[in-house]
Each structure stands twice: as C-alpha cells, then as structure tokens.
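1. Any chance you could fold what I've pasted below:
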Amino acid sequence: MDEQYTFTQQEIDDGKGLAGLAYITWIGLLIAFLVGKENRFTRYHIQQALVLLIAFLLVPIPVIGWIWGIFCLVLWVMGLINGFSGNAKPLFLIGPIGFKFNILEPDDTRSAQQSQTQPTPPAPPQTGTRQEPPPPPPPPSTEEQQAPPDTQG
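-> Predicted coordinates for the structure are as follows:
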C-alpha cells in the first residue's frame, strides 16, 4: 500500500461507530456515508466497505463464488472488528482497491495541498555545512562602457 493514512484520536473516537456500521449491509454503508462524511476515519472504512460490498456480488457464481463468499465473510468480520475497535487496516487482498475510489485522500496528498495554501518558512541552515556566498553581480555590458558622456551645456 503506497498510501499513508493517519488519524487523530479524536477522529477515531468520533468515527468508530459509523466506521463499523459501514460494513453492515448497503444500508449501513449509506448511513455512514451520509452522516459521517466529515470524519476521515469513517470515510476510510466507507471505502473499504464499498469494495467489500462489490466483492460480495461474485458470491452467486457456483462453486468458485461460494469459496469467494467464505473469504468475503472473513473479510467482513475483520472490517467490523477494525471499524468498531478504531483500527485503520486495509482489508486483505481487496482493501487496496478501495483507495482507487478516492473517498479519502492519503496524507501525502493532504499535506501537498496544505503546503500550496500556506507559505512554508525558509529552512534553517544546516550545521556543519559550508554555505556559498552569493555570486558577484555581472560586469556592465560593453555598450554601457562605450557610451559617450552626456554633455549638455
């Protein structure tokens, strides 16, 4: 997983209930989306639950779908546990697909957007490194040197 997501303890505490609810059928997913769309932790689990819900659509396929259904059932239990306990772990195998929905931006994208809106202070000089002096100004051009003096008198 290339994306990095971090959440404050306040976001986790406020969003645990809706994050777990997102895994309980499509109705729970819809409720979590409508009510908890301001909470980043809830949106993280909404995108995971959405992929799991789509994965459950393969269950009616005979034999292979039944095995897939058992796998999805295990992922569903893992998602419920992660959501209600405040963990932000992607679901095995299908979790990274959820990041493609862009319901929640990774931290590196957020920090890049914040740095564009807020000016960054100049970095302090590093200790132990030699700083080069600024280059001297360029010499005057030859045209400026050969121009006759202005004599008005």
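2. now for the strand or helix carrying L30, which elements pack on it?
-> Per DSSP states H and E, L30 falls inside helix 25-35. Applying 3 or more C-beta pairs under 8 Å, 6 or more residues apart in numbering; DSSP states H and E, one finds that helix 25-35 makes contact with helix 9-21, helix 40-55. Using the backbone N, CA and C atoms, a C-beta is placed for each residue, glycine as well.
3. winner for burial among those?
-> Ranked by mean neighbour count, these are led by helix 40-55 with a mean of 24 (mean count of other C-beta atoms under 10 Å).
4. In the protein, spot the helix with the most residues.
-> Counting by DSSP state H, the longest helix found in the chain is helix 64-85.
5. Tell me which residue lies nearest the centroid of this protein.
-> The centre of the chain sits closest to P106, judged by C-alpha atoms, centre = their mean, with a distance of 0.7 Å.
6. close enough to count as contact, that residue and R43?
-> No. Contact criterion C-beta atoms under 8 Å: P106 and R43 do not qualify, at 11.9 Å.
7. and S85, how far is that from L57?
-> 27 Å (C-beta to C-beta, to the nearest Å).
8. Regarding P133, what is its secondary structure?
-> Here P133 is recorded as coil under DSSP: H, G, I helix; E, B strand; the rest coil.
9. okay, it: pLDDT?
-> pLDDT for P133: 73.
10. Likewise for L34?
-> L34 is assigned 95 on the pLDDT scale.
11. ok, for F7, nearest residue in space, not its chain neighbours?
-> F41 (4.7 Å; C-beta to C-beta, 6 or more residues apart in numbering).
12. so what's that neighbour up against?
-> 7, 11-12, 14-16, 19, 86, 88 (C-beta atoms under 8 Å, 6 or more residues apart in numbering).
13. Buried residues, the longest helix of the chain. List them.
-> Neighbour counts over helix 64-85 (16 or more other C-beta atoms under 10 Å) mark 68-69, 71-72, 75-76, 78-80, 82-83 as buried.
14. Next one: the residue nearest to F7 from F84, what distance?
-> Relative to F84, F41 is positioned 12 Å away (C-beta to C-beta).
15. what do these two both touch?
-> With C-beta under 8 Å, 6+ apart, F41 and F84 have common neighbours 16, 19.
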